[in-house]
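>>> Provided below are the primary sequence and the corresponding predicted coordinates.
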Protein chains: 2
Amino acid sequence: MVDETGPSCASSVLTIDLGALKRNYRLISSHAGTSECAAVVKADGYGLGIGPMLNALRDAGCATFFVATLDEAIALRTLQQGPVIYYLNGLMPGEADICRTHSIRPTLNDPGQIERWAEYCATGREALPAAVHIDTGMSRLGLTPHETAALAAAPDQLQKFDFALLLSHLACGDTPDHPMNAQQRDSFAGAAEALPPTTRSLAASSGVFLGPAWHFDMVRAGVSLYGVSPQPGRPNPMEQVIHLQGKIVQTRDVDTPQTVGYGAAHRFEGPTKVATVAAGYADGYPRSLGDQGVAYIGNRAAPVIGRVSMDLITLDISSAPDAKPGEMVDLIGPHNDLDSVAESAGTIGYELLTRLGHRYRRCYIETTA
Amino acid sequence: MVDETGPSCASSVLTIDLGALKRNYRLISSHAGTSECAAVVKADGYGLGIGPMLNALRDAGCATFFVATLDEAIALRTLQQGPVIYYLNGLMPGEADICRTHSIRPTLNDPGQIERWAEYCATGREALPAAVHIDTGMSRLGLTPHETAALAAAPDQLQKFDFALLLSHLACGDTPDHPMNAQQRDSFAGAAEALPPTTRSLAASSGVFLGPAWHFDMVRAGVSLYGVSPQPGRPNPMEQVIHLQGKIVQTRDVDTPQTVGYGAAHRFEGPTKVATVAAGYADGYPRSLGDQGVAYIGNRAAPVIGRVSMDLITLDISSAPDAKPGEMVDLIGPHNDLDSVAESAGTIGYELLTRLGHRYRRCYIETTA
């Protein structure tokens, strides 16, 4: 972004409400009761900027942060020395030294990683902290049930380092009635019982709302901090954090017979007022919203017509015929929130959020409740 | 990206071949014959980094560049003083002064924008260059046929500035047999005839391959520079520019009955070797590739199983059971090129390219033919 051109020259604006983020953190934290509420800030703070997310969540009381990769962990540590930082993707060869240097805690996802960390700590005579991840049903990362049982039977490697956290991940946490939730909770509780005592963490955002039996000692609030509903299909208790606006760059009156956009994909049935807006799939407004998405001008709906282009969309603004070039339309806003736009695009709020482009002006605001 | 951790610690690597980019430019340029070949580098060089794209294309002989927004134009000008730079989204109020300061050429998309630029130039007694965009069938940006006819009848505003370029855009250029291509060509030629003489540009990447009748004085090479086929369904004459690799972070043997991933979406039919790879939809590997995508380990196919997560995918590596954590798999590579992966994801190469994430290590190489 270039500072010289003021916001009035921005093609599109992504407004991020740090006040809403903090209130979402506090809401999840209050649901978690006495369990610590950590925050997940991977993928550049779910696309919203790691620095502002970190600062706001620290202000809200968060002390422990999770990211996916070692690169992300280093970037986070560079911003602040205080917080506890875990990275989830596992300790690869050569990474132990970097973890020690930056006070970063790796997640150990298999017996080889446990051995690697244990040997590193034994050699340095320093019991450094790490998490152990056990798989209770995702089959993605973490020790298998067999490996977990073996570790419980011979936990000597765990004595060589600071076994600071035992974690697992729910596969169906956003589906409260799914039988896997209780199965995974019981597997996790059983494994924790068999292993040396430590802090236990199973629930991410959705898991928090399954109830206290899933909270254990720490919950890891993630996507719901940023406004995504933890339980799709039920009322969303989270505040919206983002507001995405695109600028109208041209309006026109279209008469039949006429087509619009690539592939001449949309044919008008009658006279229509059309606005072209400066946002497209390169900005993370998914191409799958062609002839599906709905923008809003105030409270008036303006459906996307034709295909989404790389940098532009065209809207039917017949409901708001006075809209002029230079005015902003809501691409994600009060009448079309993140989850509903994602659903129209055939995806989930998580993907829409993390794929927001970098061409928007980003405005960080802080509303009060 | 943090320099401290070498490439061996990168979770995933995006390799961009500047040699292939240059050869693609020269190929399109040679097809364009005596017409000038400009380059489109909007959306951060189609996601590949504006700086390296600019330098490589300049090396290959390109002198004129197009971007979408004024912000992008300023960023481009900051990198190099030499090239001619146009931005396509139109001259909004307040932008004329910025254009003059940075030697940026606006595209004038409606009569109001033409008047704005003409008055600005008249006031400053300086005939600054700009493009005029006429709509010949996209109904997205540009003067309507009626507005174009009015301008041709009373072209006095065009005398007040340097009318440097007349442009239009094909709606169906990637479909050689579509009747709109000839209609738009004829409309464009007719309008150019009626307006004062200037450089004429109609064809983008696909249009170049429609043949000399679409070339006029300048072509605007865009997505095909970066490897996307200009004519889907026909042999792709372009070289692949990107190679996307993800790192295996864990492997495991799975026995029935077992599920993998969120929603327990994939159930194994029999014993399977599974690898978890550090790339997900936050990295621009679309969620729609769940149970659809195919990665490659060398020349052995490894299908995506279950859902694509934010940071991870799981692959069936039964065809390459010796693959180990730390090894790289091809997410987009010689056996699964950009267009084919996009097709599996239900989209087009353009979208896949421009939505590549920013968590990859980016390696710029330059191969020789």
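Ah, there it is. Numbering: from 1, shown residues only, chains lettered A, B, ... in the order given.

>>> Just give me the neighbour total for A:Gln81.
Using other Cβ atoms under 10 Å in any protein chain shown, A:Gln81 has 8 neighbouring residues. For the C-beta atoms, the positions are set from N, CA and C on the backbone; glycine is no exception.

>>> what separates it from chain B, distance-wise?
Separation of A:Gln81 from chain B (Cβ to the nearest Cβ, to the nearest Å): 16 Å.

>>> which SS state does that residue fall under?
coil (DSSP: H, G, I helix; E, B strand; the rest coil).

>>> Grab the nearest non-local neighbour of it.
In space, A:Gln81 comes closest to A:Ser103 once its chain neighbours are excluded; the distance is 7.8 Å by Cβ to Cβ, 6 or more residues apart in numbering or on different chains.

>>> The one you found against A:Arg77, yeah?
Yes: between A:Ser103 and A:Arg77 a contact is recorded at 6.7 Å, counting by Cβ atoms under 8 Å.

>>> Any buried residues in the longest strand seen in chain A, and which?
Assignment by DSSP state E gives strand A:242-254 as the longest strand of chain A. For strand A:242-254, a neighbour-count test (16 or more other Cβ atoms under 10 Å in any protein chain shown) marks A:Ile242, A:His243, A:Leu244, A:Gln245, A:Gly246, A:Lys247, A:Ile248, A:Val249, A:Gln250, A:Thr251, A:Arg252, A:Val254 as buried.

>>> pLDDT value on the fifth one, please?
To tie it back to what came earlier, the one meant is A:Gly246. Here, the pLDDT recorded for A:Gly246 equals 96.

>>> Following element in sequence after the helix or strand hosting A:Ala43, please.
When elements are assigned from DSSP states H and E, A:Ala43 belongs to helix A:42-46. Per DSSP H and E, helix A:42-46 leads on to helix A:50-59 as the next helix or strand towards the C-terminus.

>>> Pretty sure A:Ile98 sits against A:Leu70.
Yes: in this structure, A:Ile98 is within contact of A:Leu70 by Cβ under 8 Å, at 6.5 Å.

>>> Looking at these two, which is more packed in?
Neighbour count, other Cβ under 10 Å: between A:Ile98 and A:Leu70, A:Leu70 has more, with 26 against 18.

>>> for the more buried one, what are its contacts?
Neighbour list for A:Leu70: A:Tyr87, A:Asn89, A:Met92, A:Glu95, A:Ile98, A:Cys99, A:Ile104, A:Pro106, B:Thr5, B:Cys9, B:Ser11 [criterion: Cβ atoms under 8 Å, 6 or more residues apart in numbering or on different chains].

>>> Next one: it, what pLDDT does it get?
Reported pLDDT for A:Leu70: 95.

>>> Tell me the strands beside the longest strand of chain A, with direction?
Under the criterion DSSP bridges, strand A:242-254 sits next to strand A:12-17 (antiparallel), strand A:272-277 (antiparallel), strand A:328-332 (antiparallel) in its sheet.

>>> Alpha carbons of the first one, as CSV, please.
Read it as strand A:12-17. The C-alpha trace of strand A:12-17 is given here as CSV (Å, rounded to 0.1, in the frame of the first residue of the first chain):
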residue,chain,number,x,y,z
SER,A,12,-11.3,-1.4,-1.9
VAL,A,13,-11.1,-1.3,1.8
LEU,A,14,-10.9,-4.0,4.4
THR,A,15,-11.8,-2.7,7.8
ILE,A,16,-10.8,-4.9,10.7
ASP,A,17,-12.4,-4.2,14.1
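
>>> contacts for that strand?
Residues outside strand A:12-17 that contact it (Cβ under 8 Å, 6+ apart): A:7, A:48-49, A:52, A:239-247, A:277-279, A:283, A:328, A:331, A:356, A:359-367.

>>> Which residues of the stretch 101-250 of chain A lie near chain B?
Within reach of chain B by Cβ under 8 Å from any Cβ of the partner chain, the stretch 101-250 of chain A has these residues: A:109-110, A:112, A:137-141, A:144, A:171-172, A:175, A:178, A:180, A:247, A:249-250.

>>> measure A:Val249 to A:Val329 for me?
According to Cβ to Cβ, to the nearest Å, A:Val249 and A:Val329 sit 11 Å apart.

>>> What of A:Pro106?
Distance from A:Pro106 to A:Val329, by Cβ to Cβ: 45 Å.

>>> Same check on A:Thr198?
51 Å.

>>> Those two: who's more crowded?
Neighbour tally, A:Thr198 and A:Val329, criterion other Cβ under 10 Å: the higher count belongs to A:Val329, 25 against 17.

>>> Not counting sequence-adjacent ones, nearest residue to the more buried one?
That would be A:Ala295: by Cβ to Cβ, 6+ apart, it lies 4.5 Å from A:Val329.

>>> residue ranges for the helices of the stretch 51-200 of chain A, please.
A:70-79, A:96-102, A:111-124, A:145-153, A:179-194 (DSSP state H, counting those that start in this stretch).

>>> Out of these, which is the most enclosed?
When the helices of the stretch 51-200 of chain A are scored by mean count of other Cβ atoms under 10 Å in any protein chain shown, the highest mean neighbour count falls to helix A:70-79 (a mean of 21).

>>> Can you give the distance of the longest strand of chain A from its chain's centre?
How far strand A:242-254 lies from its chain's middle: 27 Å, per Cα atoms, centre = their mean, to the nearest Å.

>>> neighbours around A:Cys172, how many?
23.

>>> wouldn't it be in contact with A:His178 here?
Yes: A:Cys172 is within contact range of A:His178, at 3.8 Å (criterion: Cβ under 8 Å).
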